[in-house]
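Enquirer: got a predicted model here, sequence first, then my questions.
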Amino acid sequence: MPVNMRSHGHGQGYTDINFLIPEIIAQVTYQKGTYYGDVGDFSGAGSVGFSTQMTRRNGLASVTLGEDNYRRALVADSVNSGSRNATLYALEYQTYDGPWSDIDEDVDKLNGVLRHSIRLDDGVLTLGAMGYHNEWNSADQIPARAVESGLIDELGSIDPTLGGKTHRYSLNAIYTTADYALSAYAIDYGLSLFSNFTYYLDDPVNGDQFEQVDDRIADLIGHLVGMSFGHAFGGEEEAVAHGEPFSESDIKETLCRAAVSARAAERQWRVRAAAGQSRRAACCRSAQTGSAHAPSE
(Lines give C-alpha, C1' and ligand atoms only; values in the text may rest on other atoms or scores of the structure.)
Protein backbone atom coordinates (compact mmCIF):
# COMPACT_ATOMS: atom_id res chain seq x y z
CA MET A 1 0.00 0.00 0.00
CA PRO A 2 1.23 3.54 -0.68
CA VAL A 3 2.09 6.01 2.06
CA ASN A 4 2.72 9.19 0.05
CA MET A 5 -0.29 10.85 -1.53
CA ARG A 6 -0.22 12.38 -5.00
CA SER A 7 -2.54 15.16 -3.88
CA HIS A 8 -3.26 16.28 -0.34
CA GLY A 9 -4.95 19.07 1.59
CA HIS A 10 -1.65 19.84 3.35
CA GLY A 11 0.59 19.49 0.28
CA GLN A 12 1.35 17.15 -2.62
CA GLY A 13 3.32 14.07 -1.55
CA TYR A 14 2.31 14.37 2.13
CA THR A 15 3.54 11.44 4.23
CA ASP A 16 2.55 10.23 7.70
CA ILE A 17 4.16 6.98 8.90
CA ASN A 18 2.78 7.08 12.44
CA PHE A 19 0.49 4.17 11.51
CA LEU A 20 3.55 1.89 11.47
CA ILE A 21 4.47 -0.03 14.63
CA PRO A 22 8.29 -0.41 14.59
CA GLU A 23 8.35 -3.67 16.55
CA ILE A 24 6.50 -5.62 13.85
CA ILE A 25 8.50 -4.39 10.85
CA ALA A 26 10.32 -7.34 9.29
CA GLN A 27 12.25 -5.61 6.51
CA VAL A 28 13.08 -2.12 5.23
CA THR A 29 14.03 -1.79 1.55
CA TYR A 30 15.72 1.33 0.16
CA GLN A 31 15.78 2.33 -3.51
CA LYS A 32 17.77 5.34 -4.68
CA GLY A 33 17.20 7.22 -7.90
CA THR A 34 14.67 7.23 -10.70
CA TYR A 35 15.21 3.65 -11.82
CA TYR A 36 12.20 1.94 -10.23
CA GLY A 37 8.95 2.10 -12.16
CA ASP A 38 6.95 0.39 -9.43
CA VAL A 39 7.37 3.50 -7.25
CA GLY A 40 5.75 5.72 -9.89
CA ASP A 41 6.11 9.49 -9.74
CA PHE A 42 7.65 9.42 -6.25
CA SER A 43 10.92 7.89 -7.49
CA GLY A 44 12.67 11.21 -8.12
CA ALA A 45 15.08 10.98 -5.19
CA GLY A 46 14.44 7.47 -3.94
CA SER A 47 12.00 5.43 -1.92
CA VAL A 48 11.70 3.16 1.08
CA GLY A 49 9.43 0.16 1.54
CA PHE A 50 8.33 -1.51 4.77
CA SER A 51 7.33 -5.15 5.17
CA THR A 52 5.59 -6.29 8.33
CA GLN A 53 6.01 -9.64 10.03
CA MET A 54 3.76 -12.59 9.25
CA THR A 55 4.51 -14.36 12.52
CA ARG A 56 6.50 -13.83 15.72
CA ARG A 57 8.71 -16.29 17.51
CA ASN A 58 7.94 -14.63 20.86
CA GLY A 59 5.14 -12.40 22.03
CA LEU A 60 5.81 -8.87 23.24
CA ALA A 61 4.17 -6.72 25.91
CA SER A 62 5.78 -3.46 27.00
CA VAL A 63 5.00 -0.24 28.86
CA THR A 64 7.23 2.82 28.45
CA LEU A 65 7.13 5.94 30.65
CA GLY A 66 9.06 9.15 30.03
CA GLU A 67 9.27 12.86 30.66
CA ASP A 68 6.43 15.24 29.84
CA ASN A 69 3.82 12.54 30.41
CA TYR A 70 5.14 10.27 27.68
CA ARG A 71 3.37 6.92 27.95
CA ARG A 72 3.36 4.04 25.49
CA ALA A 73 1.85 0.58 25.78
CA LEU A 74 2.36 -2.17 23.21
CA VAL A 75 1.14 -5.74 22.79
CA ALA A 76 2.22 -7.89 19.81
CA ASP A 77 2.09 -11.64 19.19
CA SER A 78 1.03 -14.25 16.68
CA VAL A 79 -1.09 -17.39 16.78
CA ASN A 80 -0.22 -20.35 14.54
CA SER A 81 -2.85 -22.78 13.31
CA GLY A 82 -0.85 -25.73 12.10
CA SER A 83 2.09 -25.21 9.76
CA ARG A 84 0.22 -23.25 7.09
CA ASN A 85 -1.78 -20.58 8.93
CA ALA A 86 -0.61 -17.75 11.16
CA THR A 87 -2.35 -14.67 12.58
CA LEU A 88 -0.32 -11.68 13.74
CA TYR A 89 -1.80 -8.95 15.92
CA ALA A 90 -0.42 -5.78 17.48
CA LEU A 91 -1.93 -2.93 19.47
CA GLU A 92 -0.16 0.32 20.39
CA TYR A 93 -1.34 3.28 22.49
CA GLN A 94 0.71 6.44 23.11
CA THR A 95 0.22 9.77 24.87
CA TYR A 96 2.58 12.75 25.21
CA ASP A 97 2.25 16.33 26.47
CA GLY A 98 5.57 17.73 25.24
CA PRO A 99 7.89 20.26 26.92
CA TRP A 100 5.86 23.35 26.01
CA SER A 101 5.29 26.04 28.63
CA ASP A 102 1.76 27.14 27.72
CA ILE A 103 0.07 24.14 26.06
CA ASP A 104 -0.18 20.39 26.50
CA GLU A 105 0.59 18.67 23.22
CA ASP A 106 -1.93 16.03 24.31
CA VAL A 107 -0.91 13.42 21.74
CA ASP A 108 -3.45 10.60 21.80
CA LYS A 109 -2.36 7.91 19.31
CA LEU A 110 -3.87 4.47 18.80
CA ASN A 111 -2.60 1.83 16.33
CA GLY A 112 -3.92 -1.65 15.58
CA VAL A 113 -2.73 -4.33 13.15
CA LEU A 114 -4.25 -7.72 12.27
CA ARG A 115 -2.63 -9.94 9.63
CA HIS A 116 -3.55 -13.49 8.64
CA SER A 117 -1.25 -15.55 6.39
CA ILE A 118 -2.12 -18.79 4.58
CA ARG A 119 0.60 -20.87 2.91
CA LEU A 120 -0.77 -22.54 -0.19
CA ASP A 121 0.89 -25.09 -2.47
CA ASP A 122 2.15 -22.47 -4.93
CA GLY A 123 2.31 -19.30 -2.85
CA VAL A 124 1.27 -17.29 0.21
CA LEU A 125 -2.02 -15.43 0.67
CA THR A 126 -1.97 -12.61 3.24
CA LEU A 127 -5.03 -10.70 4.46
CA GLY A 128 -4.47 -7.59 6.56
CA ALA A 129 -6.29 -4.84 8.43
CA MET A 130 -4.73 -1.72 9.98
CA GLY A 131 -6.22 1.12 12.01
CA TYR A 132 -4.62 4.40 13.09
CA HIS A 133 -6.08 7.39 14.93
CA ASN A 134 -4.22 10.39 16.35
CA GLU A 135 -5.07 13.76 17.91
CA TRP A 136 -2.72 16.50 19.09
CA ASN A 137 -2.23 20.15 19.99
CA SER A 138 0.61 22.00 18.27
CA ALA A 139 3.10 24.58 19.53
CA ASP A 140 3.94 25.50 15.91
CA GLN A 141 6.60 28.02 14.84
CA ILE A 142 7.25 31.21 16.83
CA PRO A 143 9.00 34.50 15.89
CA ALA A 144 12.46 35.06 17.39
CA ARG A 145 11.58 38.65 18.29
CA ALA A 146 8.75 37.44 20.53
CA VAL A 147 11.25 35.40 22.56
CA GLU A 148 13.89 38.16 22.59
CA SER A 149 11.35 40.71 23.83
CA GLY A 150 10.17 38.43 26.63
CA LEU A 151 6.62 38.14 25.26
CA ILE A 152 6.97 34.34 25.35
CA ASP A 153 9.76 31.95 26.27
CA GLU A 154 11.49 29.52 23.90
CA LEU A 155 8.85 26.87 24.56
CA GLY A 156 5.91 29.25 24.36
CA SER A 157 3.25 29.88 21.72
CA ILE A 158 1.60 32.84 20.06
CA ASP A 159 -1.53 30.89 19.12
CA PRO A 160 -2.21 28.11 21.66
CA THR A 161 -5.26 26.74 19.82
CA LEU A 162 -3.50 24.95 16.95
CA GLY A 163 -3.48 21.19 16.41
CA GLY A 164 -5.14 18.46 14.44
CA LYS A 165 -6.48 14.96 14.19
CA THR A 166 -6.04 12.23 11.60
CA HIS A 167 -7.02 8.65 10.88
CA ARG A 168 -6.06 5.89 8.44
CA TYR A 169 -7.99 2.61 8.18
CA SER A 170 -7.04 0.02 5.57
CA LEU A 171 -7.76 -3.48 4.29
CA ASN A 172 -5.39 -5.31 1.98
CA ALA A 173 -4.80 -8.69 0.35
CA ILE A 174 -1.56 -9.98 -1.19
CA TYR A 175 -0.98 -13.23 -3.06
CA THR A 176 2.69 -14.00 -3.72
CA THR A 177 4.25 -16.80 -5.72
CA ALA A 178 7.73 -17.40 -7.11
CA ASP A 179 6.69 -15.77 -10.41
CA TYR A 180 4.24 -12.98 -9.60
CA ALA A 181 2.40 -11.07 -6.89
CA LEU A 182 -1.22 -9.89 -6.83
CA SER A 183 -2.35 -7.17 -4.45
CA ALA A 184 -5.48 -5.19 -3.63
CA TYR A 185 -6.22 -2.64 -0.94
CA ALA A 186 -8.68 -0.02 0.26
CA ILE A 187 -7.77 2.97 2.46
CA ASP A 188 -10.01 5.36 4.38
CA TYR A 189 -7.95 8.43 5.31
CA GLY A 190 -8.68 11.78 6.92
CA LEU A 191 -6.80 14.81 8.27
CA SER A 192 -8.02 18.01 9.90
CA LEU A 193 -5.15 20.42 10.63
CA PHE A 194 -5.32 23.89 12.22
CA SER A 195 -2.36 26.18 11.42
CA ASN A 196 -1.48 29.86 11.77
CA PHE A 197 1.64 31.13 10.02
CA THR A 198 1.01 34.90 10.12
CA TYR A 199 -1.07 35.23 13.32
CA TYR A 200 -2.87 38.63 12.96
CA LEU A 201 -1.21 39.98 9.80
CA ASP A 202 -4.16 39.57 7.41
CA ASP A 203 -7.05 39.70 9.91
CA PRO A 204 -6.22 41.86 12.96
CA VAL A 205 -9.60 41.06 14.56
CA ASN A 206 -10.08 37.32 14.16
CA GLY A 207 -6.55 36.26 13.31
CA ASP A 208 -5.17 34.28 10.38
CA GLN A 209 -5.72 30.75 11.64
CA PHE A 210 -6.96 28.32 8.98
CA GLU A 211 -7.94 24.67 8.71
CA GLN A 212 -6.76 22.21 6.07
CA VAL A 213 -9.00 19.17 5.55
CA ASP A 214 -8.33 16.02 3.54
CA ASP A 215 -10.86 13.20 3.40
CA ARG A 216 -10.44 10.34 0.95
CA ILE A 217 -11.14 6.72 0.16
CA ALA A 218 -8.57 5.07 -2.10
CA ASP A 219 -8.53 1.62 -3.60
CA LEU A 220 -6.15 -0.16 -5.97
CA ILE A 221 -5.98 -3.52 -7.66
CA GLY A 222 -2.90 -4.45 -9.65
CA HIS A 223 -0.41 -7.17 -10.36
CA LEU A 224 3.33 -7.44 -10.79
CA VAL A 225 4.83 -10.26 -12.83
CA GLY A 226 8.54 -11.10 -12.63
CA MET A 227 10.30 -13.09 -15.34
CA SER A 228 13.93 -14.27 -15.34
CA PHE A 229 16.16 -14.67 -18.37
CA GLY A 230 19.28 -16.75 -17.73
CA HIS A 231 22.66 -15.52 -18.99
CA ALA A 232 21.12 -12.91 -21.23
CA PHE A 233 23.90 -10.34 -20.90
CA GLY A 234 27.53 -11.28 -20.42
CA GLY A 235 26.72 -14.48 -18.62
CA GLU A 236 24.76 -12.63 -15.91
CA GLU A 237 21.18 -13.57 -15.13
CA GLU A 238 18.79 -10.70 -15.73
CA ALA A 239 15.26 -10.18 -14.42
CA VAL A 240 12.44 -8.20 -16.00
CA ALA A 241 9.41 -7.05 -14.01
CA HIS A 242 6.13 -6.00 -15.61
CA GLY A 243 3.54 -4.16 -13.53
CA GLU A 244 -0.06 -3.19 -14.27
CA PRO A 245 -1.38 -1.15 -11.32
CA PHE A 246 -4.46 1.03 -11.50
CA SER A 247 -6.18 3.05 -8.80
CA GLU A 248 -9.23 5.15 -8.10
CA SER A 249 -9.72 7.64 -5.26
CA ASP A 250 -12.64 9.69 -3.98
CA ILE A 251 -10.94 12.83 -2.61
CA LYS A 252 -12.42 15.79 -0.74
CA GLU A 253 -10.06 18.64 0.16
CA THR A 254 -10.99 21.94 1.79
CA LEU A 255 -9.24 25.04 3.11
CA CYS A 256 -11.17 27.04 5.72
CA ARG A 257 -10.44 30.25 7.58
CA ALA A 258 -10.90 29.73 11.35
CA ALA A 259 -11.66 32.45 13.90
CA VAL A 260 -9.08 32.46 16.68
CA SER A 261 -11.00 34.84 18.94
CA ALA A 262 -13.85 32.37 19.33
CA ARG A 263 -11.40 29.61 20.25
CA ALA A 264 -8.68 31.47 22.15
CA ALA A 265 -9.34 29.76 25.49
CA GLU A 266 -9.61 26.24 24.07
CA ARG A 267 -6.51 24.13 24.66
CA GLN A 268 -7.67 20.55 24.24
CA TRP A 269 -8.58 19.20 20.80
CA ARG A 270 -11.77 17.52 21.93
CA VAL A 271 -13.17 20.73 23.35
CA ARG A 272 -11.98 22.72 20.34
CA ALA A 273 -13.41 20.24 17.82
CA ALA A 274 -16.78 20.12 19.55
CA ALA A 275 -17.02 23.91 19.55
CA GLY A 276 -15.68 24.25 16.01
CA GLN A 277 -18.00 21.90 14.13
CA SER A 278 -20.55 24.55 13.17
CA ARG A 279 -17.86 27.06 12.18
CA ARG A 280 -16.09 24.44 10.08
CA ALA A 281 -19.30 23.49 8.29
CA ALA A 282 -20.05 27.15 7.60
CA CYS A 283 -16.66 27.98 6.14
CA CYS A 284 -16.36 24.73 4.20
CA ARG A 285 -19.63 25.34 2.35
CA SER A 286 -17.87 28.06 0.38
CA ALA A 287 -14.66 26.07 -0.08
CA GLN A 288 -13.84 23.95 -3.08
CA THR A 289 -14.69 20.30 -2.49
CA GLY A 290 -14.42 17.68 -5.15
CA SER A 291 -13.59 14.16 -6.20
CA ALA A 292 -10.66 12.93 -8.22
CA HIS A 293 -9.56 9.75 -9.90
CA ALA A 294 -5.88 9.13 -9.26
CA PRO A 295 -3.91 8.14 -12.37
CA SER A 296 -2.06 4.90 -12.65
CA GLU A 297 1.60 4.86 -11.72
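Expert: Happy to help now that I have it.

Enquirer: who's in contact with the closest residue to E23 other than its chain neighbours?
Expert: Distance criterion C-beta to C-beta, 6 or more residues apart in numbering; nearest residue to E23, sequence neighbours excluded, is A76 at 5.6 Å. To be clear about C-beta, it is placed using only N, CA and C from the backbone, and glycine gets the same treatment. With contact taken as C-beta atoms under 8 Å, 6 or more residues apart in numbering, A76 is in contact with 21, 23-24, 56, 59-61, 88-91.

Enquirer: listing partners with orientation, what would you give for the helix or strand hosting A76?
Expert: Using DSSP states H and E, A76 maps to strand 70-81. As defined by DSSP bridges, the strand partners of strand 70-81 come to strand 60-66 (antiparallel), strand 85-96 (antiparallel).

Enquirer: turn the ones you listed into JSON lines, including mean neighbour count, mean pLDDT and distance to S157.
Expert: What follows is these, written out as JSON lines (neighbours: other C-beta atoms under 10 Å; pLDDT from 0 to 100; distance: least, C-beta to C-beta, whole Å):
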{"stretch": "strand 60-66", "mean neighbour count": "10", "mean pLDDT": "97", "distance to S157": "22"}
{"stretch": "strand 85-96", "mean neighbour count": "18", "mean pLDDT": "97", "distance to S157": "16"}
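
Enquirer: any chance of these in TSV, with distance to D108 too?
Expert: Converted to TSV, the strands paired with strand 70-81 look like this (distance: least, C-beta to C-beta, whole Å):
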stretch	distance to D108
strand 60-66	16
strand 85-96	6
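
Enquirer: so for Y35, which of those strands sits nearest?
Expert: strand 85-96 (32.4 Å; C-beta to C-beta).

Enquirer: what's the neighbour count on F42?
Expert: 17 (other C-beta atoms under 10 Å).

Enquirer: now do the contacts for the nearest residue to it once chain neighbours are set aside.
Expert: Distances taken as C-beta to C-beta, 6+ apart place N4 nearest to F42, at 5.1 Å, with adjacent residues excluded. Shown in contact with N4 (C-beta under 8 Å, 6+ apart): 13-15, 42.

Enquirer: so which residues of the stretch 51-200 of the chain form strands?
Expert: 60-66, 70-81, 85-96, 107-119, 123-137, 163-177, 180-195 (DSSP state E, counting those that start in this stretch).

Enquirer: T34: which of these is closest?
Expert: Of the strands of the stretch 51-200 of the chain, nearest to T34 by C-beta to C-beta is strand 180-195, at 22.5 Å.

Enquirer: surely G164 is in contact with S192?
Expert: Yes: at 5.8 Å, G164 counts as touching S192 under the criterion of C-beta atoms under 8 Å.

Enquirer: and Q53, how many neighbours?
Expert: Neighbours of Q53 using other C-beta under 10 Å come to 20.

Enquirer: any idea how far D97 is from it?
Expert: Separation of Q53 from D97 (C-beta to C-beta, to the nearest Å) stands at 31 Å.

Enquirer: sorry, back to before: and the strands of the stretch 51-200 of the chain as JSON lines, adding distance to A218?
Expert: Formatted as JSON lines, these follow (distance: least, C-beta to C-beta, whole Å):
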{"stretch": "strand 60-66", "distance to A218": "31"}
{"stretch": "strand 70-81", "distance to A218": "27"}
{"stretch": "strand 85-96", "distance to A218": "23"}
{"stretch": "strand 107-119", "distance to A218": "19"}
{"stretch": "strand 123-137", "distance to A218": "14"}
{"stretch": "strand 163-177", "distance to A218": "9"}
{"stretch": "strand 180-195", "distance to A218": "5"}
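
Enquirer: my guess is H116 contacts T87, does it?
Expert: Yes: judged on C-beta under 8 Å, H116 makes contact with T87 at a distance of 4.8 Å.

Enquirer: beta-bridge partners for S47, please?
Expert: Bridge pairing for S47 (DSSP bridges) gives the partners Q31.

Enquirer: distance of it relative to S83?
Expert: 34 Å.

Enquirer: the two: which is more packed in?
Expert: Neighbour count, other C-beta under 10 Å: between S47 and S83, S47 has more, with 18 against 7.
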